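Asker: Give the three-dimensional model of this entry:
(one chain, ligands or ions: 1)
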Amino acid sequence: MGDTARNPVTWLGSPAFPTAAKTALADDQLRRNLKHATGLIRTKRAGAVAELPDWEQLRLSGEAIKDDVLANLDTYLLRFEESVAARGGTVHWARDAAEANEIVLRLAREAGADEVVKIKSMATMEIGLNEALQAGGVTPIETDLAELIVQLGNDRPSHILVPAIHRNRTEIRDIFKAAMPGTEDLTDEPVELAAAARAFLRRKFLSAKVAVSGANFGVAETGSVVVVESEGNGRMCLTLPETLITVMGIEKLVPTWQDLEVFLQLLPRSSTAERMNPYTSVWTGVTPGDGPRDFHLVLVDNGRTDTLASTVGRQALRCIRCSACLNVCPVYERTGGQAYGSVYPGPIGAILAPQLGGDMHDKHAASLPFASSLCGACFEVCPVRIDIPSVLVHLRAKAVEAKPKYSPEAIGMAAMSWVMAGPRRFRAAQRLAVAGRLLSRGGRIRGLPFPGSKWTDSRDLPAPAKESFSAWWKRTRG
Ligand code: SF4
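Answerer: As a prediction, the model looks like this:
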């Protein structure tokens, strides 16, 4: 697909990750909420995965299937389009966010809707569909419980699977009380909170003419679309309204039903630590007398074709949005998702958002690949074996290349290279480093003068050894 003005994927005006992380780290409540939630889900996932003796084989299959799809994406997309059309659906192609939003808004208006119900869709969040619908006079109502909490709280999502993971139940009660009429006496008991949301949403489901959904998978051989979810609200969205509009990234395909079977094992255990999803909805075009009468599928590129062109970076398109990498990431656990300033937070966000956005000159996007300790925990849990650390390193190189030639970092690196290129200069630098012990307290250096302060602002340094290795070698071995 050609390149047009692309949605930046990251939220407009977001500060670079280090700045946003500092704010998040200062929020004790947020850190408590995250520690509790990620710790819980991490342990559960490990247990669910350990039940399967062929887990590693499943991961290898998932990787191979997705790689085949990416290598032959044009063929599978055309097959998928043909199959959807043959079963009475209409396929629309969108090069970028603006085109996708325009298509959905037009379809909603044509169906006579001034309100649409939505089931959780990362793709629609990526393209900013809610804002576009609202600007066009159509009100979107999120029906996934966590999405609803985010929407009613005028908030932003912070997790792929549990977008309101940063909220505890007392905060949720306050959001509901402020936004839902008749909830003045609501307590923060989970049962009561769920009942309030259910009553609110039922009215919306029964009156909506149009639903907008995402898609977890599209099966190329039959044109079937698959949504997996835990609450059943998705099922209501997908079956009750007369018109269904599905917005799907072009990489979400699997070739056959047999391939789908692999992912329906990998996804639930990796995401919610369940053996299978409580609700797996599958539909193929339209079926007279059953479900929506009109089905539209909007296939969105928005930077995916360009991402596919990168031999290292394209593996990010294997992602099935299970969020396992978020739950094991030590950086995510401390900062939460909003610090990433993107609908895709955590390790996968750090490699996906900059690639979909495609602009490493953007300070915020360029800061994301550095939001990692490169510990590798994300790769170990990823059900489709995305080597996130390698992609992070690759993108870090791109971010450095995009920097101006005379940035402080470039000057610092040039100076280091000059020092290391001459043995006498290097020895002099070693002597200077040993003298740096004067700045240390208790074996650590906690503050350096500028430009070293850029480092010690957020971390300390071990004090240099009393003697360099070469000096020790000379002294002891002659
Ligand atoms: S990168 Fe892997 S672990 Fe992370 S969300 Fe995607 S599929 Fe899950």
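Asker: Count the residues that sit near Pro181.
Answerer: Other residues within reach of Pro181, judged by other Cβ atoms under 10 Å, total 7. All C-beta spots, glycine's among them, are computed from the backbone N, C-alpha and C.
Asker: With Pro278 instead?
Answerer: By other Cβ under 10 Å, neighbour count at Pro278 equals 13.
Asker: contacting residues around the closest residue to it other than its chain neighbours?
Answerer: Take Pro278 and drop its neighbours on the chain: the residue closest to it by Cβ to Cβ, 6 or more residues apart in numbering is Ser230, 5.0 Å away. Residues in contact with Ser230 (Cβ atoms under 8 Å, 6 or more residues apart in numbering) are Thr272, Glu274, Asn277, Pro278, Tyr279.
Asker: tell me which element the second one falls in.
Answerer: Using DSSP states H and E, Glu274 sits within no helix or strand.
Asker: For it, which residues are in contact?
Answerer: Glu274 makes contact with Ala48, Ser230, Pro268, according to Cβ under 8 Å, 6+ apart.
Asker: could you redo the last one with a cut-off of 10 Å?
Answerer: Lys44, Arg45, Ala48, Val228, Ser230, Leu267, Pro268 (Cβ atoms under 10 Å, 6 or more residues apart in numbering).
Asker: so of those residues, which ones are in strands?
Answerer: In strands, defined here by DSSP state E, the members of those are Val228.
Asker: Most neighbours among the contacts of Glu274, which one is it?
Answerer: Leu267 (25 neighbours).
Asker: Tell me if I'm right that it and Gly62 touch.
Answerer: Yes. Using Cβ atoms under 10 Å, Leu267 is in contact with Gly62, at 9.2 Å.
Asker: which residues are common contacts for the two?
Answerer: Ile320, Pro383, Val384.
Asker: which of the residues you listed are close to the ligand?
Answerer: Contacts with the ligand within those, counted by Cβ under 6 Å from any ligand atom: Ile320, Pro383, Val384.
Asker: For burial, what's the neighbour tally of Gly13?
Answerer: Neighbours around Gly13, by other Cβ under 10 Å: 7.
Asker: export the ones next to the ligand among the shared contacts of Leu267 and Gly62 to a markdown table and tack on pLDDT?
Answerer: A markdown table is the format used below for these (pLDDT from 0 to 100):
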| residue | pLDDT |
| --- | --- |
| Ile320 | 97 |
| Pro383 | 98 |
| Val384 | 98 |
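Asker: okay if I get those as JSON lines plus secondary structure and neighbour count?
Answerer: Shown next, in JSON lines, are those (DSSP: H, G, I helix; E, B strand; the rest coil; neighbours: other Cβ atoms under 10 Å):
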{"residue": "Ile320", "secondary structure": "coil", "neighbour count": "23"}
{"residue": "Pro383", "secondary structure": "coil", "neighbour count": "25"}
{"residue": "Val384", "secondary structure": "coil", "neighbour count": "25"}
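Asker: Just put the shared contacts of Leu267 and Gly62 in a markdown table and tack on distance to Gly346.
Answerer: As requested, the shared contacts of Leu267 and Gly62 are arranged in a markdown table below (distance: Cβ to Cβ, whole Å):
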| residue | distance to Gly346 |
| --- | --- |
| Ile320 | 14 |
| Pro383 | 15 |
| Val384 | 15 |
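Asker: Phe295 in helix, strand or coil?
Answerer: strand (DSSP: H, G, I helix; E, B strand; the rest coil).
Asker: quick revisit: for the contacts of Glu274, which one is nearest the ligand?
Answerer: Leu267 (8.3 Å; Cβ to the nearest ligand atom).
Asker: Tell me which residues touch the closest one, please.
Answerer: By Cβ under 10 Å, 6+ apart, the neighbours of Leu267 are 62, 216-217, 226, 228, 274, 276-277, 280, 320-322, 324, 383-384.
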